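Participant: Sequence plus predicted model, see below.
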Amino acid sequence: SAMILQKLKKDAESYIGEEVKEAVITVPAYFSDAQRQATKNAGKIAGLSVERIINEPTSAALAYGLDKSVSQKIMVYDLGGGTFDVTIMRVADHAYDILATDGNSRLGGIDFDKRLVGYIMQELEKQGVNMTNLSEKEKIQLQYKAEQIKTSLSVNDQALYEHYVNGQGYGVLITQAIFNEITLDLLKDTEIKVQSTLQASGLKWKDIDHILLVGGSTRMPMIRQMIRLMSGLEPKFDLNPDTIVAQGASILADLIVNNEVSFSEHQDGKTTETDRVVVKDVTSQGIGLLFKKNPNKNYSFVGDYYNSVVVPRNSVLPLAVTKDLFAVVDGQSKFKLRITEGNYENPFAVKILGQVEGQVPQPRQKGELLAQVTYAFDSEQIVTVTVSDPRSNTVVARFSVNAQVNQTQEVVKEDLSELQAIFAKFIS
């Protein structure tokens, strides 16, 4: 990521003839906390001060709605090369309120390409072609051709893949119907996410005014057909789905520079001025703690622990939530907490982010309040966990979910020097 950002930095500097020091970077809405922090660190390594991390659907909505002064409820369907997001927001008087978001960080256009590759190899095998011993170069060429076929099927009813072995030609004809069939489950995955996100927003299809398509993969006809059948609406693609997110990021950068944007309803304890653009986002992942199962409760999964979601997905940012912890035995003073990411009670369906260990000054009896755990999210979804002793009102432990990806300034400088050497040798 740092290498890409530094290349973009150099391109921008070459174009405008000035040094570029700051940046606004967009990320998929479903990015985890660690991924967001890693993106900020990549900006540092590339020599940039990252002024803002913003979700791609929010950025797209800024590009669509800012100059139109729209007052609408908008769904953003964002299918890029490697990730999928769906976000529902309310836009009114330059206020962007995210109502719900969901997605799949491992689903994108490349997965549709892989299905084409698999189908082509299968059909060529039927024609007697040995596809098991392809060289790395041949595999890359096949993947490239599959992507070209996918693009072609966005405007044509069929496309032909040609393959030559020892002067002998072979061909695989792929129609839109075949492509739709071999990728049906991928499409269904996005449909399920769309329906669940709509439900989470508290809205119905009749409440949605516009659907924005974002990401080059939304050019596939099957995507637009699915949206029409689900919603009864004609999706909007008057803005280029490949560039709409970057346009929104540029708009946001201008608003930040001119102090014309706020990321919450209140700033410095005062209500945000009505002439400023207000962007309110939500958490894309739930955050919680692992606890021992209650022996008096039935659970639908095996194991000794369950996940208690402290901050559910789609909670409005920024926020701070506190959960009380009670002593489980007499004389308890120590604690060990396992921090989770995920919106499910089943611990096997969530990710363990790390653990916090500590001790309060005075032992507690069973059932007494032992400590209070506070989850603090800033408006970029960066999380800090603080454990405090309520008796002494002191902090006894602190944990940054991003500790595993945080780097010291010295390490960042070292990484940057190494990257600059790589660019000088291979890219510049």
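Facilitator: Cool, the structure landed. Numbering: from 1, shown residues only.

Participant: low-confidence ranges in this protein?
Facilitator: 67-70, 264-275, 401-428 (pLDDT under 70).

Participant: quick one, longest strand in it?
Facilitator: In the chain, taking DSSP state E as the definition, the longest strand is strand 351-364.

Participant: got a list of contacts for that one?
Facilitator: 32-34, 287, 290, 326-327, 331-342, 370-371, 385, 387, 389, 391-392, 394, 396-399, 401, 403-404 (CB atoms under 8 Å, 6 or more residues apart in numbering). To be clear about C-beta, it is placed using only N, CA and C from the backbone, and glycine gets the same treatment.

Participant: now do 7 Å
Facilitator: 327, 331-342, 370-371, 385, 387, 389, 391-392, 396-397, 399, 401, 403 (CB atoms under 7 Å, 6 or more residues apart in numbering).

Participant: How about stretch 140-160?
Facilitator: Residues from elsewhere that reach stretch 140-160 (CB under 7 Å, 6+ apart): 112-113, 116-117, 120, 161, 171, 173-176, 179, 219-221.

Participant: Looking at these, which two lie furthest apart in space?
Facilitator: Using CB to CB, the two most remote members of the contacts of stretch 140-160 are G171 and R219, lying 24.9 Å apart.

Participant: So for the two, which residue has more residues nearby?
Facilitator: Taking other CB atoms under 10 Å, G171 and R219 do not tie; R219 has more neighbours (19 against 12).

Participant: got the contact list for A320?
Facilitator: A320 touches 374-376, counting by CB under 7 Å, 6+ apart.

Participant: Can you flag the buried ones in the residues you listed?
Facilitator: Among the contacts of A320, the ones that count as buried by 16 or more other CB atoms under 10 Å are 374-375.

Participant: Now, the contacts of A320 that are in strands?
Facilitator: 374-376.

Participant: ok, of the contacts of strand 351-364, which come out buried?
Facilitator: The neighbour-count test (16+ other CB under 10 Å) marks 327, 332-333, 335, 337-342, 370-371, 385, 387, 389, 396-397, 399, 401 as buried among the contacts of strand 351-364.

Participant: Find me whatever residue is spatially closest to I182, sequence neighbours aside.
Facilitator: Using CB to CB, 6 or more residues apart in numbering and skipping the chain neighbours, the partner closest in space to I182 is R115 (4.8 Å).

Participant: Now do the one you found against V278, distance only.
Facilitator: With distances taken as CB to CB, to the nearest Å, R115 is found 42 Å from V278.

Participant: List the buried residues in stretch 181-188.
Facilitator: Residues 183, 186-187 are the ones in stretch 181-188 that count as buried (16+ other CB under 10 Å).

Participant: Repeat that for stretch 22-30.
Facilitator: 23-30.

Participant: neighbours around the closest residue to V328 other than its chain neighbours, how many?
Facilitator: Nearest residue to V328, sequence neighbours excluded (CB to CB, 6+ apart): K366, at 6.4 Å. Residues lying near K366 (other CB under 10 Å) number 12.
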